[in-house]
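K.L.:
okay, sequence plus prediction incoming.
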Amino acid sequence: MLLPVSGLGMNSTMDDMNLIQQRHHLVVRELGVGDEIDLEIGPGDDDPSFASASLISAPREPSVDDQDETKQIQMMPSLQDENQDLSKGQPLKKKKKVVKRWREEWADTYKWAYVDVKDGTARIFCSVCREYGRKHRRNPYGNEGSRNMQMSALEEHNNSLLHKEAVRLQMASKDKIVVDKPMYVKALMSKTAGSIVEAALIRDPHELEFIQSVQEAVHSIERVIGKNSHYVNIMERLLEPERTIIFRVPWVDDRGETHVNRGFRVQFNQALGPCRGGIRFHPSMNLSIAKFLAFEQTLKNALSPYKLGGAAGGSDFDPKGKSDNEIMRFCQSFINELYRYLGPDQDLPSEEMGVGAREMGYLFGQYRRLAGHFQGSFTGSRVFWSGSSLRTEATGYGLVFFAHLILGDSNRELKGLRCAVSGSGKIAFHVIEKLLAYGAVPITVSDSKGYLVDEDGFDFMKIQFLRDIKAQQRSLRDYSKTYARSKYFDEAKPWTERCDVAFPCATQNEIDQSDAISLVNSGCRLLVEGSIMPCTPEAVDVLRKANVVVAPAMAAGAGGVAAGELELNHEFNLMQWTPEDFESKLQDSMKQTYQRALKAATDFGYEKESPEVLVYGAAIAAFLTVAQGMTDQGCV
């Protein structure tokens, strides 16, 4: 579904999103303040007293009409005549209109409720099961002035049988309830660029992440396409992967039960060399995510000093809560199908979300066994079977080096700056480590359930404590039991905290429009993308209008590419460089990437002071490199 996108002023955006900025989940749709809600009051078979129970509404001055209505209701028993005696045996179902003024401060109490229109009538719905009815709205308000009544209403709802069943079904399902939303399509200046996006939409209409990635890339290289029509055909070919592999992964758990997951590997483009790209194990993994990751990896590898092809893949397998033996059996089954498409001159996978040193070891061990040779070890952190001792640190360190280069161009430094970091994996922790080395003050980490903030800032001892918590699969909340100045927020993101620099290092689309507004309000002026495509299109618009400098993951995250090539370099392995030498090499690689992106942007007329100059420059430089290779090799 294509939607026209109009200009979004920053001031109007701030006004429109005031409700979203609050930390709650109350949703009010198509209901004005003071509008009537049809509660369908009637007798119930589960609670005989409910028919006579009154609903307590918001206190207000009674109007003349209200008084008349009240008098009529009170007089009804005395006005009944003999003709009405025949209906005494039948239950009388009434509908009472209750005027309720929804207020923002009630949001903490009514997280479970939202209002929507059903059959032309505004009703109260359960946010979990999306249903309405007596068991959900029995006295759902309480009294505005009585906190106990409000909490009693909430407890009554949570204990209802229908709500409990909805929660049980939700927990039993892998897929959380999500609200469908239309595809967000950016307006493009040229019809040619628009035709490329339209063709991708027609071909892959359900691959939302991939379409979003294509839109961002086409938007960034629009001037390149406008100057040379030859690049239109190149881009159309580039957007179709060279090879897409989908396969089943059967495995047996410790109880002897058989399970099956789905595996993916997308080898997107090999015009510049053999593929490199990550493997992700996460329940949300699907073909759209695999394609978008492979496409972004293709451009990232082309931008780095080491010209390589791009690939990505993984499985919807969830390693959390699995034993080592279960993970080993899954990894072996996964590589049994994929190994025939891998090799030092074809495709070498690397670590991604859900895949660490343990998983890479199992994957490589089975690959070596099946392939019959040790050549082209997978990129990983095991020193005894791969080269670099700083492989896992490279991406996180590279992000901080890139931020240092950006700030250095404006005569600023990281020292003393408050930095908000999302995620709590290897990238996030290594970002924090290097920020501490530069004298910055990292204040947040996060996981899938919320975020942790320490107003004093993390130090090396605290980071080690956090690592121990994660290694024991405990909650980040346990950190607050040791450090009193810290606080953990459930179901929230760290972007409301006051910060100067943001490092999103969790997953794609973790920053939506309301998060972007919160970032702007919290004082953020530089966003360094640690995860691939961390911002939704709406969030990108907000950041651009607020002049927040964005360092794209395509350029800022190239440290992992450089480290992967260094550890596979035979000469490097023989020399066994020290961590200092390796870090110096990594800094040189990040500087080259930064300069290439700036030069490409200025060559096509973008001002160096523009907050998105690196976004445009990185995409342009990467695309031109891939396009040249594809042109030289002909139509293949």
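P.N.:
Received, thanks.
K.L.:
please tell me I have it right and V615 contacts V549.
P.N.:
No. At 9.6 Å, V615 does not count as touching V549 under the criterion of Cβ atoms under 8 Å. (Glycine included, C-beta is placed from N, CA and C.)
K.L.:
looking at the two, which is more packed in?
P.N.:
V615 (25 against 22; other Cβ atoms under 10 Å).
K.L.:
L287 contacts F264, doesn't it?
P.N.:
Yes. Contact criterion Cβ under 8 Å: L287 and F264 qualify, at 6.2 Å.
K.L.:
intersection of neighbour lists for the two?
P.N.:
When Cβ atoms under 8 Å, 6 or more residues apart in numbering defines a contact, the residues bordering L287 and F264 alike are T244, I246.
K.L.:
when these two are compared, which one has more neighbours?
P.N.:
In this view L287 and F264 are compared by other Cβ under 10 Å, and F264 has more residues nearby, 25 against 18.
K.L.:
does the more buried one lie in a helix or a strand, and which?
P.N.:
F264 is located in strand 258-269, with elements delineated by DSSP states H and E.
K.L.:
which residues does the helix or strand just after that strand contact?
P.N.:
Using DSSP H and E, the helix or strand that follows strand 258-269 in sequence is strand 275-281. The contact list for strand 275-281 (Cβ under 8 Å, 6+ apart) reads 267-268, 289, 293-294, 297, 301, 308-315, 317-319, 346-355, 359, 363, 379, 561, 564-565.
K.L.:
which strands border strand 275-281, and is each parallel or antiparallel?
P.N.:
If you go by DSSP bridges, strand 275-281 pairs up with strand 309-315 (parallel), strand 347-351 (parallel).
K.L.:
tell me the mean pLDDT for it?
P.N.:
Summarised as a single mean, pLDDT over strand 275-281 is 93.
K.L.:
repeat for stretch 598-605
P.N.:
Averaged across stretch 598-605, pLDDT comes to 94.
K.L.:
now the strand holding F264: buried residues?
P.N.:
Burial within strand 258-269, assessed by neighbour count using 16 or more other Cβ atoms under 10 Å, is assigned to N261, G263, F264, R265, V266, Q267, F268, N269.
K.L.:
again, but for stretch 240-255
P.N.:
Residues P241, E242, T244, I245, F247, V249, W251 are the ones in stretch 240-255 that count as buried (16+ other Cβ under 10 Å).
K.L.:
from V548, how far out is D581?
P.N.:
35 Å (Cβ to Cβ, to the nearest Å).
K.L.:
shaky segments in the stretch 51-200 of the chain?
P.N.:
Residue ranges of the stretch 51-200 of the chain with pLDDT under 70: 51-116, 121-189.
K.L.:
could you rerun that using 50?
P.N.:
The model of the stretch 51-200 of the chain has pLDDT under 50 over residues 51-64, 66-67, 69-110, 134-151, 173-180.
K.L.:
next: the chain.
P.N.:
Using pLDDT under 50, the flagged stretches of the chain are 1-64, 66-67, 69-110, 134-151, 173-180, 381-388, 570-572, 574.
K.L.:
again, 80 this time
P.N.:
Residue ranges of the chain with pLDDT under 80: 1-191, 306-307, 373-392, 562-579, 581-582.
K.L.:
still on that earlier bit, and the furthest pair within the buried residues of strand 258-269?
P.N.:
Farthest pair in the buried residues of strand 258-269 (Cβ to Cβ) is N261 and N269. Separation: 26.5 Å.
K.L.:
which SS class is R544?
P.N.:
Look at R544: counting by DSSP: H, G, I helix; E, B strand; the rest coil, its state is helix.
K.L.:
burial measure for it, as a count.
P.N.:
The number of residues near R544, taken as other Cβ under 10 Å, comes to 17.
K.L.:
what about it, distance to A619?
P.N.:
With Cβ to Cβ as the criterion, R544 and A619 are 15 Å apart.
K.L.:
likewise for F317?
P.N.:
F317 is 32 Å from A619, where distance means Cβ to Cβ.
K.L.:
that older thread, show me which pair in the buried residues of stretch 240-255 is furthest apart.
P.N.:
Across the buried residues of stretch 240-255, the longest distance by Cβ to Cβ is 28.5 Å; it joins E242 and W251.
K.L.:
one step back: are any of the contacts of strand 275-281 buried, and which?
P.N.:
By 16+ other Cβ under 10 Å, those give 267-268, 289, 293-294, 297, 301, 308-315, 317, 319, 346-355, 359, 363, 379, 561, 564-565 as buried.
K.L.:
kindly export stretch 492-501 (C-alpha atoms) in CSV.
P.N.:
Extracted C-alpha coordinates of stretch 492-501, given in CSV (Å, rounded to 0.1, in the frame of the first residue of the first chain):
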residue,chain,number,x,y,z
ALA,A,492,11.0,1.0,27.8
LYS,A,493,13.9,2.2,25.7
PRO,A,494,16.9,4.4,26.8
TRP,A,495,16.3,7.2,24.4
THR,A,496,14.5,9.4,26.9
GLU,A,497,17.7,9.8,29.0
ARG,A,498,19.7,13.0,28.7
CYS,A,499,22.6,12.3,26.3
ASP,A,500,24.9,13.9,23.8
VAL,A,501,25.6,10.8,21.6
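K.L.:
buried residues in that stretch?
P.N.:
In stretch 492-501, the ones that count as buried by 16+ other Cβ under 10 Å are K493, P494, W495, T496, E497, C499, D500, V501.
K.L.:
same check, this time on stretch 544-561
P.N.:
For stretch 544-561, using 16+ other Cβ under 10 Å, the buried residues are 544-546, 548-561.
K.L.:
okay, that stretch in CSV with CA atoms only?
P.N.:
Only the C-alpha atoms of stretch 544-561 are listed here, as CSV (Å, rounded to 0.1, in the frame of the first residue of the first chain):
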residue,chain,number,x,y,z
ARG,A,544,17.0,15.0,9.8
LYS,A,545,14.7,17.9,10.6
ALA,A,546,16.3,18.3,14.0
ASN,A,547,19.8,18.4,12.4
VAL,A,548,21.0,15.3,14.3
VAL,A,549,24.2,14.0,12.6
VAL,A,550,23.8,10.4,11.7
ALA,A,551,26.7,8.0,11.2
PRO,A,552,25.3,5.1,9.1
ALA,A,553,26.1,1.5,10.0
MET,A,554,27.3,1.0,6.5
ALA,A,555,30.3,3.1,7.3
ALA,A,556,30.5,3.2,11.1
GLY,A,557,30.2,-0.6,11.4
ALA,A,558,32.9,-1.5,8.9
GLY,A,559,35.4,-2.3,11.7
GLY,A,560,34.1,-5.9,11.8
VAL,A,561,34.8,-6.3,8.0
